[in-house]
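# A structural model of the following input is requested.
(chains A, B and C)
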Amino acid sequence: MDVYENLKKLGLQIPSPPPVGGKYVPAKQVGNLVYTSGQGPIVEGKPAYTGKVGKELSLEQGQEAAKICILNTLSVLEKAIGNLNRVKNVVKVLGFVASAPNFNQQPAVINAGSQLLIDVFGDKGQHARSAIGTNELPGNIPVEIEVIFEIE
Amino acid sequence: MDVYENLKKLGLQIPSPPPVGGKYVPAKQVGNLVYTSGQGPIVEGKPAYTGKVGKELSLEQGQEAAKICILNTLSVLEKAIGNLNRVKNVVKVLGFVASAPNFNQQPAVINAGSQLLIDVFGDKGQHARSAIGTNELPGNIPVEIEVIFEIE
Amino acid sequence: MDVYENLKKLGLQIPSPPPVGGKYVPAKQVGNLVYTSGQGPIVEGKPAYTGKVGKELSLEQGQEAAKICILNTLSVLEKAIGNLNRVKNVVKVLGFVASAPNFNQQPAVINAGSQLLIDVFGDKGQHARSAIGTNELPGNIPVEIEVIFEIE
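Model prediction:
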């Protein structure tokens, strides 16, 4: 299995790493674990979506945002480790969804990102996860996702 | 110390693992760490409680919900590792409480789950923790808890 | 590089560990990782700030709160490991900001804590991070931060 073949089949390209939005690094390795910083749906330096899911944004738009978060995660991970084929396991996903009152489909939003990880990494992409609502996210983005990877 | 003796003394039984609510696995092991996915107060496939703590639900109901989250965590952990006596340490708890405006007793809610971990695992159950409020959780559950365990 | 020299140059002193606010321990070590529990802006046992950033509190007050969270984190870490010069890496920061509606500068708030980690630990202080909004935090504090450290 080759991660880049999988991406090609999905018609996806790894974007350039988004600009770093604060006093942190996009990814940090400790032992064989890599922690990626919370990624938003940033495309070419700007949020592709803003607003709350369930109000300004539909479930489907939230899912598109979650996919972009994961693409950006792959981008910063690739920059940190050189080659995505070094990923041994996707360990853990923590996803936050900026949620309008009474919007309770956070898992359905984050699923779009989780599915992408599985499509790209196969069985190694299976991960533990929490999907959480929040009232506000940085820059009014609708989704922010952080991931822990195990690498070889 | 036997975990199952402790559970018996507490009059508790490990439930069946709750249905998986998305594109994730209930637990993922990396090295000697096991990350459990965020668990809610699901009983027999349905939320035992819904609503915000401090509005539809009392502090005490939030605490009952937190206990069920931890029982479900033990359930998915047991399924992943076979025997809860393999737990060497409860490392970290991250608990989210769906909170009505001005409800600020998140630690008191999550304490009920933390106490259960200590009652079940003894000194090994002592853990680092954050207790956080949120406006909305999946399916309108009041509490969601994820845990990191070290196993032998 | 000596952490205590750096603190001296910054004119900072490590405070006494704040009281533990629940059924958890301030820090837990597993292997060479130490997880610190979520710390708030507690000074001499009481919150130095309460309220939501963007309403009762300004961005600058939120930043002051974030700095105190990190000072308290250093305090509980020092108590756990004996000497802060044992820190090999700051791995991961997860920061929550109690946010008024439409307040979206969570990264700017948490930056004040991140910068302090970099000032104290130098290059080893560079960390992965997520900055997340929330509607309510324990005791109405404006900021809560948890950190993962690698130690020697």
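
# Measure how far the host helix or strand of A:V90 is from the centre of its chain, please.
Using DSSP states H and E, A:V90 maps to strand A:87-98. On the basis of Cα atoms, centre = their mean, to the nearest Å, strand A:87-98 sits 7 Å off its chain's mean C-alpha point.

# Could you list the residues of chain A in contact with chain B?
Residues of chain A lying close to chain B by Cβ under 8 Å from any Cβ of the partner chain are A:31-33, A:89, A:91-94, A:99, A:101-108, A:110-111, A:114-115, A:118, A:126-135, A:148, A:150. To be clear about C-beta, it is placed using only N, CA and C from the backbone, and glycine gets the same treatment.

# Tell me which of these fall in strands.
A:33, A:89, A:91-94, A:128-134, A:148, A:150 (DSSP state E).

# Of all pairs in those residues, which one is the farthest apart?
Greatest spacing in these, by Cβ to Cβ: A:G133 and A:E150 (27.9 Å).

# Show me which of those two is the more surrounded one.
A:G133 (29 against 20; other Cβ atoms under 10 Å in any protein chain shown).

# Contacts only, for the more buried one.
A:96-99, A:103-104, A:106, B:98, B:134-138 (Cβ atoms under 8 Å, 6 or more residues apart in numbering or on different chains).

# cutoff 7 Å now
A:V97, A:S99, A:Q106, B:T134, B:N135, B:E136, B:L137 (Cβ atoms under 7 Å, 6 or more residues apart in numbering or on different chains).

# and those near chain C, which?
Restricting the contacts of A:G133 to those touching chain C (Cβ under 7 Å from any Cβ of the partner chain) yields B:T134, B:N135.

# What subset of the contacts of A:G133 is buried?
A:V97, A:S99, A:Q106, B:T134, B:N135, B:E136, B:L137 (16 or more other Cβ atoms under 10 Å in any protein chain shown).

# Chain C: which of those residues is nearest?
B:N135 (4.4 Å; Cβ to the nearest Cβ).

# isn't the closest one right next to C:N135, touching?
Yes. B:N135 is within contact range of C:N135, at 4.4 Å (criterion: Cβ atoms under 7 Å).

# Which residues are in contact with each of these two?
A:N135.

# Just give the closest residue to the residue positioned nearest the centre of chain A, not the sequence neighbours.
Nearest to the geometric centre of chain A sits A:I70, at 2.6 Å (Cα atoms, centre = their mean). Nearest non-adjacent residue to A:I70, counting by Cβ to Cβ, 6 or more residues apart in numbering or on different chains: A:G113, 4.1 Å away.

# can you tell me which residues contact the one you found?
A:A66, A:K67, A:C69, A:I70, A:G95, A:I145.

# can you tell me which helix in chain A is longest?
helix A:59-81 (DSSP state H).

# Quick one: mean pLDDT for stretch A:107-121?
Across stretch A:107-121, pLDDT averages out at 98.

# Show me which residues of it are buried.
Those would be A:107-118, A:120-121, for stretch A:107-121 by 16+ other Cβ under 10 Å.

# right, and the pair among these with maximum separation?
A:A108 and A:F121, at 21.1 Å, using Cβ to Cβ across the buried residues of stretch A:107-121.

# Show me which residues of chain A sit near chain C.
So chain A meets chain C at A:21-25, A:27-28, A:30, A:35-38, A:96, A:134-140, A:144, A:146 (Cβ under 7 Å from any Cβ).

# Take these and keep only those in helices.
Among those, no member lies in helices (by DSSP H).

# taking those residues one by one, which sit in strands?
Short answer: the residues of chain A next to chain C in strands (DSSP E) are A:A27, A:K28, A:V30, A:Y35, A:T36, A:S37, A:G38, A:F96, A:T134, A:E144, A:E146.

# so where's chain A shaky on pLDDT?
When residues are selected by pLDDT under 70, none of them lie in chain A.

# run the last query once more with 90
A:1, A:21 (pLDDT under 90).

# Going by distance to B:L57, which of the buried residues of stretch A:107-121 wins?
Nearest member of these to B:L57, counting by Cβ to Cβ, is A:P107, at 20.8 Å.

# Okay, A:I110 and B:L116: tell me how far apart.
27 Å (Cβ to Cβ, to the nearest Å).

# Correction: the previous question concerned A:L74.
From A:L74 to B:L116 the distance is 38 Å (Cβ to Cβ).

# I'd guessed A:K92 sits against A:E146; true?
No. The criterion here is Cβ under 7 Å, and A:K92 misses it with A:E146 at 8.6 Å.

# Comparing the two, which shows the higher neighbour count?
A:K92 (25 against 22).

# partner residues bridging the more buried one?
A:K92 has these beta-bridge partners by DSSP bridges: A:A128, A:I148.

# Same check on A:F96?
Bridge pairing for A:F96 - DSSP bridges - gives A:I132, A:E144.
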